[in-house]
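after the sequence you'll find the predicted model.
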Amino acid sequence: MMMDWNEYRKQVGAAVADIAKISPDTVRGYSQIGGAAGKGGHLDAKTREMIALAVAVTRQCDGCIAVHVDAAVKAGATREEITDALSVAVAINAGAALIYSARVLDAFAARTAAPAG
């Protein structure tokens with residue numbers, strides 16, 4: 001069964017509002033970081049949202065996906081543009097796994113070269 005992303009986005013908003021009641025400084029701080037990310041002036045909103053979606057996939061954050069798909073659509077992103085951005089996320093995540101695989105082998109070599117202990 002597919003997730004109702006529109007309903008989930010509303011639930012995420014409500015959950016954040018609940019956190020804001022208990023810890024307003026935390027949510028205010030998060031909002032400031034998000035706002036600052038949009039003030040660089042060198043990327044348009046659509047590009048920022050596609051980056052956000054690529055990061056959301058990398059971080060496996062359903063709430064981020066729900067919120068940033070909505071914002072990407074509002075910014076005019078097409079399915080094809082989002083897919084291109086997600087393709088970059090897939091490639092970079094595969095590359096990171098490859099690099100970290102090399103680190104595992106390096107750690108293994110160091111461990112097997114050292115006396116047990």
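Cool, got the structure.

show me where the protein has helices.
In the chain, the segments counted as helices under DSSP state H are 5-22, 24-37, 45-59, 62-74, 79-113.

what comes up buried for the last one?
This points to helix 79-113. By neighbour count with 16 or more other Cβ atoms under 10 Å, helix 79-113 contains the buried residues I82, A85, A89. Quick note: C-beta positions are derived from backbone N, CA and C, even for glycine.

and the first one, what does it touch?
Listed by Cβ atoms under 8 Å, 6 or more residues apart in numbering, the contact set of I82 reads M50, L53, V69, A72.

show me the two of the residues you listed that sit farthest apart.
Greatest spacing in those, by Cβ to Cβ: M50 and V69 (10.4 Å).

now do the worst-scoring helix or strand of the chain on mean pLDDT: which elements does it pack against?
Here the helix or strand of the chain ranked lowest by mean pLDDT, DSSP states H and E is helix 24-37, holding a mean of 92. In terms of contact count using 3 or more Cβ pairs under 8 Å, 6 or more residues apart in numbering; DSSP states H and E, helix 24-37 is assigned the packing partners helix 5-22.

what comes up buried for the helix it packs on?
Buried residues in helix 5-22 (16+ other Cβ under 10 Å): R9, V12.

hey, C-alpha coordinates of it in PDB?
Extracted as PDB, the C-alpha positions of helix 5-22 are listed here (Å, rounded to 0.1, in the frame of the first residue of the first chain):
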ATOM      1  CA  TRP A   5       2.100  11.600   1.400                       C
ATOM      2  CA  ASN A   6      -0.200  14.600   1.600                       C
ATOM      3  CA  GLU A   7      -1.700  13.400   4.900                       C
ATOM      4  CA  TYR A   8       1.800  12.400   6.200                       C
ATOM      5  CA  ARG A   9       3.000  16.000   5.400                       C
ATOM      6  CA  LYS A  10       0.200  17.300   7.600                       C
ATOM      7  CA  GLN A  11       1.100  14.900  10.400                       C
ATOM      8  CA  VAL A  12       4.800  16.000  10.200                       C
ATOM      9  CA  GLY A  13       3.700  19.600  10.500                       C
ATOM     10  CA  ALA A  14       1.500  18.800  13.500                       C
ATOM     11  CA  ALA A  15       4.300  16.900  15.200                       C
ATOM     12  CA  VAL A  16       6.700  19.700  14.700                       C
ATOM     13  CA  ALA A  17       4.100  22.100  16.100                       C
ATOM     14  CA  ASP A  18       3.800  19.900  19.200                       C
ATOM     15  CA  ILE A  19       7.600  19.900  19.600                       C
ATOM     16  CA  ALA A  20       7.600  23.700  19.200                       C
ATOM     17  CA  LYS A  21       5.200  24.000  22.100                       C
ATOM     18  CA  ILE A  22       7.500  22.100  24.400                       C
END
